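Q: sequence isn't available, so here's the structure alone:
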């Protein structure tokens, strides 16, 4: 059993929580609940410097900073956090000194976020970590456009739910969706994802 496998053994079973509510946020903004980064970094260490390229209200950025990371936070919309008005898809290179992108992208643009991130990071050692629904694994179009040529290096499904909040409105309750971290680590040569439960 590998070191990472030992670290993730003996976790609980998948739980459940209340739903999003009936109104979907028009910009697909769902803030990430607490614990998402902590659970990932129990088994996988992110680089010191991280670009959070769709930082929203700073939910993930603050978790990353709490874990000791230096975070460059950017956001297209005005949500009161980070450098606002930055269109990720218009960025042609990584910020100086950074080679890791971590974000919870709008699900309706998630494939494009992954592909653009992979174009930006170093082909030898760059890292892309995306917080996405497990259902992101499904669909012929995602397989054809993304996974066929770019399977993730690691898949880290949560064994208990991490809540996401519609427009950060916690009164509506959290998600009922199962999530996972999808990690592309260009320093690791792999033809298929390694799966570790967190």
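A: Looks like it came in fine. Because the structure is a prediction, the values reported are computed rather than measured.

Q: surely residue 51 is in a strand?
A: Yes. Counting by DSSP: H, G, I helix; E, B strand; the rest coil, one finds residue 51 located in a strand.

Q: hmm, residue 72 and it touching each other?
A: Yes. Residue 51 is within contact range of residue 72, at 4.7 Å (criterion: CB atoms under 8 Å). Glycine gets a C-beta too; all of them are placed from N, C-alpha and C.

Q: which residues do the two both contact?
A: 95, 98 (CB atoms under 8 Å, 6 or more residues apart in numbering).

Q: what's the single longest helix in the chain?
A: helix 110-120 (DSSP state H).

Q: so what does the closest residue in space to residue 81 that isn't next to it in sequence look like in phi/psi?
A: Of all residues not flanking residue 81 in the chain, residue 58 sits nearest, at 3.6 Å (CB to CB, 6 or more residues apart in numbering). Dihedral pair for residue 58: phi 90, psi 10, per degrees, to the nearest 10.

Q: try residue 107
A: Residue torsions, per degrees, to the nearest 10, at residue 107 are phi -60, psi -30.

Q: hang on, it packs against residue 131?
A: No. With contact defined as CB under 8 Å, residue 107 does not count as touching residue 131 (10.3 Å).

Q: more crowded one of these two?
A: A count of neighbours by other CB atoms under 10 Å puts residue 131 above the other of residue 107 and residue 131, at 23 against 16.

Q: can you classify the more buried one by secondary structure?
A: strand.

Q: pLDDT value on the residue nearest to it when sequence neighbours are not counted, please?
A: Of all residues not flanking residue 131 in the chain, residue 104 sits nearest, at 4.0 Å (CB to CB, 6+ apart). Turning to residue 104, the model gives it a pLDDT of 93.

Q: check residue 121 too.
A: With respect to pLDDT, residue 121 has a value of 98.

Q: check contacts around it.
A: So residue 121 contacts 94, 99-101, 127-128, 186 (CB under 8 Å, 6+ apart).

Q: could those residues go into a markdown table alongside neighbour count, secondary structure and distance to residue 40?
A: Converted to a markdown table, the contacts of residue 121 look like this (neighbours: other CB atoms under 10 Å; DSSP: H, G, I helix; E, B strand; the rest coil; distance: CB to CB, whole Å):
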| residue | neighbour count | secondary structure | distance to residue 40 |
| --- | --- | --- | --- |
| 94 | 19 | coil | 21 |
| 99 | 20 | coil | 17 |
| 100 | 23 | strand | 12 |
| 101 | 27 | strand | 14 |
| 127 | 22 | strand | 12 |
| 128 | 27 | strand | 13 |
| 186 | 16 | coil | 18 |
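
Q: alright, I will stop here.
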